[in-house]
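Trainee: how would this look folded up:
(one chain, ligands or ions: 1)
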Amino acid sequence: MELTNRELEMAERIRNIKQLSGSHSPGILSILKQVPEIALKVDACYLSNPYATDIFLSYFSRELIETGRIRDVVEFYPSQNRVIAGYLAKAVDASPETVFVSNGATEAIQAILQRRVPRKLLINIPTFSPYYEFAPKQTKVIYNRLNKESEFKLDSDRYIDMIRKEKPDAIVLINPNNPDGGFLSEEVILRVLEASKSVDTVILDESFVDFATLGSQPESPSMSGLCKKYRNLVLIKSLSKDFGVAGLRAGYAIMAPERVDDLLSNGFLWNVSGIAEYFFQLHLREDFKADYRQARRRYVNEVRSLHSSLRAIPQLKPYPTMANFVLTEITDGTRAADLEARLLVTHGVYVRNCSDKIGLEGEFIRIGARTSEENELVINAIRRSFNG
Ligand SMILES: *Cc1c(COP(=O)(O)O)cnc(C)c1O
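Mentor: The predicted model follows:
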């Protein structure tokens, strides 16, 4: 792929913005501010269910804006962590003393890594970077590499051997994993938990589990119930992507009560905003849940059809996914950075170039699913990018 001079010049400016944002992609808004010539059509870098955002916004305007209740939400303090945990627990089938409410799941990840001060942390790569970036400085991070040759599947025998040999005091499983979308069955997770009884903390991050579907099962295959049995299990859940509300900063973690006590004795009293609290309250309500279930089903179908459209493009190799994005290898020698630049500059489509992901060898982009119209635009833009 030969970039034009215009594409090259703008790609250079985009690269500079990226350098400033570290290992997380810069938000599209900050790119547009610096490179206003881009006519953005679809942001497929960010991973979020747009149908669910519509639902939140309709409740929000009907109940808070049109009624004027927004004033109370803004003017007064939100509830304290324990109070929100009290009612959220009902929605997530956990007991209240096991729920830690967080300002996005990232806050829970940071808090757990830093409070438990792991000596040694075992992480599968490629991964979501805060798991190694926010580990305490003295922590030794060891990596188990997931290979593209086996479609990023966890080899559980090898993994369990590694746990026995290395004796980490914390391990991280993300299910489905980001950035590859790989899924661990309940059987594999149980095997790992049984083999990890001497591991102090087993983190299971289910931020994308709502996008996973097993056969005709209508609900997401969450394994949060296992926290009751395994005292070392810490379940992390972001609500940013499945509910399409990253800007609200809403997440939670489920863990043994003494771990929640330890975190709360160190702060986190009013760590979520009033608007996030309103969103947590919606979780309990049957009307909201019914609307969300529909949005979830519709969106999961969009992900499946995005995957098959990508499979039909000869220069691409999309990997299997149970999340809401498709990790895609470029197989014709085109660099991921060049495809990213052409898509953004010439077609207004923002995808995630994965060159900075540790443990990924080759040229990869990650494409987040959007609405059906937007996905079609993305697919056409990719086809045209390869055809000159
Ligand atoms: C995005 C993400 C999170 C954090 O999301 P928040 O917006 O902080 O709730 C956590 N884990 C994984 C695997 C993610 O991809």
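Trainee: could you give the number of residues near the residue of the stretch 251-388 of the chain found nearest the ligand?
Mentor: The nearest approach of the stretch 251-388 of the chain to the ligand comes at Gly251, 3.9 Å away (C-beta to the nearest ligand atom). In this view, the C-beta of every residue, glycine as well, is placed from N, C-alpha and C. Around Gly251 there are 23 other residues, counting by other C-beta atoms under 10 Å.
Trainee: could you pull up phi and psi at it?
Mentor: phi -160, psi 180 (degrees, to the nearest 10).
Trainee: and it, what's its pLDDT?
Mentor: pLDDT for Gly251: 97.
Trainee: spatially, what comes nearest to it if we skip its sequence neighbours?
Mentor: Excluding the flanking residues, the one nearest Gly251 by C-beta to C-beta, 6 or more residues apart in numbering is Ala105, at 3.4 Å.
Trainee: mind listing what the one you found touches?
Mentor: Going by C-beta atoms under 8 Å, 6 or more residues apart in numbering, Ala105 touches 205, 207, 236-240, 251-253.
Trainee: from those, which land in strands?
Mentor: When DSSP state E is applied, the contacts of Ala105 are split such that 205, 236-238, 251-253 fall in strands.
Trainee: how close does Thr67 sit to Ala250?
Mentor: 22 Å (C-beta to C-beta, to the nearest Å).
Trainee: more neighbours, these two?
Mentor: Taking neighbours as other C-beta under 10 Å, Thr67 and Ala250 compare with Ala250 leading, 28 against 10.
Trainee: what about the more buried one, distance to Leu284?
Mentor: 14 Å.
Trainee: can you map out the strands along the stretch 101-250 of the chain?
Mentor: 120-125, 140-145, 170-174, 201-205, 233-238 (DSSP state E, counting those that start in this stretch).
Trainee: just to revisit the earlier point, just curious, which of the contacts of Ala105 is nearest to Arg164?
Mentor: Checking the contacts of Ala105 against Arg164 with C-beta to C-beta, the nearest one is Asp205 at 22.7 Å.
Trainee: what's across from that closest one in the sheet?
Mentor: Ile174, Ile236 (DSSP bridges).
Trainee: tell me the contacts of it?
Mentor: 105, 109, 128, 172-175, 235-237.
Trainee: of those, which ones also sit close to the ligand?
Mentor: Counting by C-beta under 6 Å from any ligand atom, 105, 128, 174 from the contacts of Asp205 sit close to the ligand.
Trainee: ok, the last one touching Phe128?
Mentor: Yes: distance between Ile174 and Phe128: 6.2 Å, which falls inside the contact criterion (C-beta atoms under 8 Å).
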